[in-house]
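Trainee: dropping a prediction and its sequence here:
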Amino acid sequence: MRKVLVSACLLGRKVRFDGRAKQLSDDTVALWHAEGRVIQHCPEIAGGLPVPRPPAEIEPGADAADVLAGHARILTPDGREVTDHFVSGARSALATARSTDVAVAVLKESSPSCGLRQIYDGTFSGTKVPGSGVTAQLLTEHGIAVFTEDEIAEADAHLRQGADGADTVHPRTTS
């Protein structure tokens, strides 16, 4: 049975940088739980970051592909580099997805790890720009269909469509 990788914070785990969760209350997610499909994962925790921790953003003008290629950094407001933690966490998410037959990932939007359609611009001003976090980017590059917490119905449709075990890739679009 194909699985769904879900950001742990969306499942109520208090693992976000500020020590909070962003719990989803969704019938489809409850059904996935009942079916034994949910694999929870927090790439930032898997990458060795503590809770709580300072916020972090991809440096201005760069994107997740730049980070994964070693051409950009992820920084905290005081300039501390945490890139290795984020890349390690993304690789951990990919390894988890591969080892548990994940077909679909539902990740927390705007995160430098999990954002899919938008991330913060690297200035710590609260400004968002189009772009992906490093985990969303890496999963997408490896054929895992990635969706935001606002795209549960689409994620479920993709999961059910691929229920025969075929590997299908969700075309990624930006808003």
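Mentor: Sure, I can see it. Not measured: the values here are computed from a predicted model. Numbering: from 1, shown residues only.
Trainee: bridged to I39, which residues?
Mentor: L5 (DSSP bridges).
Trainee: which residues sit in contact with it?
Mentor: Counting by CB atoms under 8 Å, 6 or more residues apart in numbering, I39 touches 3-6, 96-97, 100, 102. (Glycine included, C-beta is placed from N, CA and C.)
Trainee: can you check R16 too?
Mentor: 9, 22, 51, 108.
Trainee: can we see that at 7 Å?
Mentor: 9, 22 (CB atoms under 7 Å, 6 or more residues apart in numbering).
Trainee: give me the pLDDT for it.
Mentor: R16 carries a pLDDT score of 95 in this model.
Trainee: what do you get for T123?
Mentor: Looking at T123, its pLDDT stands at 97.
Trainee: in what helix or strand does it lie?
Mentor: Taking DSSP states H and E as the definition, T123 sits outside all helices and strands.
Trainee: the closest residue to L107 other than its chain neighbours in helix, strand or coil?
Mentor: Counting by CB to CB, 6 or more residues apart in numbering, C114 is the residue found nearest to L107 once chain neighbours are left out, at 3.5 Å. Counting by DSSP: H, G, I helix; E, B strand; the rest coil, the backbone at C114 sits in coil.
Trainee: from what I can see C114 touches G133, true?
Mentor: Yes. Under the criterion of CB atoms under 7 Å, C114 makes contact with G133 at 5.0 Å.
Trainee: picking up where we left off before, ok, the residue nearest to L107 - how many residues close by?
Mentor: Using other CB atoms under 10 Å, C114 has 32 other residues around it.
Trainee: how much space between it and D27?
Mentor: Per CB to CB, to the nearest Å, C114 is found 22 Å from D27.
Trainee: and if you look at A64?
Mentor: Relative to D27, and taking CB to CB, A64 is found at 31 Å.
Trainee: who touches the most centrally placed residue in the chain in this structure?
Mentor: In the chain, the residue lying closest to the centroid (CA atoms, centre = their mean) is C114, at 2.5 Å. Shown in contact with C114 (CB under 7 Å, 6+ apart): 7, 43, 107-108, 133, 135-136.
Trainee: which of these tops the neighbour count?
Mentor: T135 (37 neighbours).
Trainee: so it makes contact with S88?
Mentor: No. In this structure, T135 is not within contact of S88 by CB under 7 Å, at 10.5 Å.
Trainee: just the strands in this structure please.
Mentor: 3-7, 38-41, 57-58, 74-75, 102-107, 118-120, 128-130, 145-148 (DSSP state E).
Trainee: next, format those strands as JSON lines and append mean pLDDT and distance to H158.
Mentor: Listed next are the strands of the chain as JSON lines, based on pLDDT from 0 to 100; distance: least, CB to CB, whole Å:
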{"stretch": "strand 3-7", "mean pLDDT": "97", "distance to H158": "10"}
{"stretch": "strand 38-41", "mean pLDDT": "97", "distance to H158": "15"}
{"stretch": "strand 57-58", "mean pLDDT": "98", "distance to H158": "27"}
{"stretch": "strand 74-75", "mean pLDDT": "98", "distance to H158": "28"}
{"stretch": "strand 102-107", "mean pLDDT": "97", "distance to H158": "6"}
{"stretch": "strand 118-120", "mean pLDDT": "97", "distance to H158": "20"}
{"stretch": "strand 128-130", "mean pLDDT": "96", "distance to H158": "22"}
{"stretch": "strand 145-148", "mean pLDDT": "98", "distance to H158": "5"}
